[in-house]
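Colleague: Provided below are the primary sequence and the corresponding predicted coordinates.
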Amino acid sequence: MILVIEDDVMINNLLCKVLSDNGFETDSAPDGEEGLFKALEKDYELILLDLMMPKKTGEEVLAELRKTKTTPVIVLSAKNEVVNRIELLKLGTDDYIIKPFDIDEVILRIEAVLRRTGDVKPASELKYKSMRIDKEAKRIYIGEEELTCTTMEYSILELMLNNPNKVFSKRNLFESITGDEYLSEDNTMNVHMSNLRKKIAKITEESYIDTVYGMGYRLSK
């Protein structure tokens, strides 16, 4: 279960709905005081924590929580807030997201944190059409033929097969895989996608990656 500690009712409700739609159970709190009480009372898989809240700030909640619990925490902060990443890491946050956020990015970051902390145990094999990914061996096959690809190309396909119905923006892909900030003028993802399509086309005529105009990429239907 994921606890959402957020005083903005609309954001709180949105996060809970989207998390629920993606298969997560949720609980919520409207302020830092109630959020801390719940966080200490129950064992949650992860906490989404706003910084600027009434009664107790996110920093205060995190500091108190870390005295007794190691629950993964992703901090939510507005662009106009002064966020010191080093201080947040020292307090014990696992990641942070700047508002206004892309809701798909929130889901991806949650999944990434849960994988790191061992609360999500993904299947060792992914399948889509004739493609099969052996996650333990880090190999990709189309039919019986192995698809030779770079580490980045492998990561793109693994992420997309883990989320077969999702449309990924270039930013989603780049930041989810590398953890670095995406620069809008960076042509990296276009190059990787082009190379992947060429390699797949050498093995099969079946399409695997579609471009969604103005949005990004998704697995072909």
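Modeller: Cool, got the structure.

Colleague: Tell me where this structure has helices.
Modeller: Shown for the chain, the helices assigned by DSSP state H span residues 9-21, 32-41, 58-65, 85-91, 103-117, 151-162, 170-178, 188-201.

Colleague: quick one: which of those has the weakest pLDDT on average?
Modeller: Here the lowest mean pLDDT among the helices of the chain goes to helix 85-91, at a mean of 70.

Colleague: Would you map out the domains in the protein?
Modeller: For the chain, automatic domain parsing gives the domain ranges 2-117, 125-219.

Colleague: Out of those, indicate the one that is most buried.
Modeller: domain 2-117 (a mean of 17; mean count of other Cβ atoms under 10 Å). Bear in mind the C-beta positions are built from the backbone N, C-alpha and C, glycine included.

Colleague: distance between it and the chain's centre?
Modeller: 13 Å (Cα atoms, centre = their mean, to the nearest Å).

Colleague: rewinding a little: using a markdown table, please lay out the helices of the chain together with distance to residue 50.
Modeller: Listed next are the helices of the chain as a markdown table, based on distance: least, Cβ to Cβ, whole Å:
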| stretch | distance to residue 50 |
| --- | --- |
| helix 9-21 | 8 |
| helix 32-41 | 8 |
| helix 58-65 | 6 |
| helix 85-91 | 13 |
| helix 103-117 | 13 |
| helix 151-162 | 27 |
| helix 170-178 | 21 |
| helix 188-201 | 31 |
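
Colleague: The ones you listed: which one's closest to residue 125?
Modeller: For residue 125, the closest of those is helix 151-162, at 9.9 Å, according to Cβ to Cβ.

Colleague: In contact with the spatially most central residue of the chain, which residues?
Modeller: The centre of the chain sits closest to residue 108, judged by Cα atoms, centre = their mean, with a distance of 1.5 Å. With Cβ atoms under 8 Å, 6 or more residues apart in numbering as the criterion, the residues that contact residue 108 are 159, 163, 172, 176.

Colleague: if we go to 10 Å?
Modeller: By Cβ atoms under 10 Å, 6 or more residues apart in numbering, the contact list for residue 108 reads 102, 159, 162-163, 166, 168, 172-173, 175-177.

Colleague: got it, and residue 9?
Modeller: Here residue 9 is in contact with 28, 30 (Cβ under 10 Å, 6+ apart).
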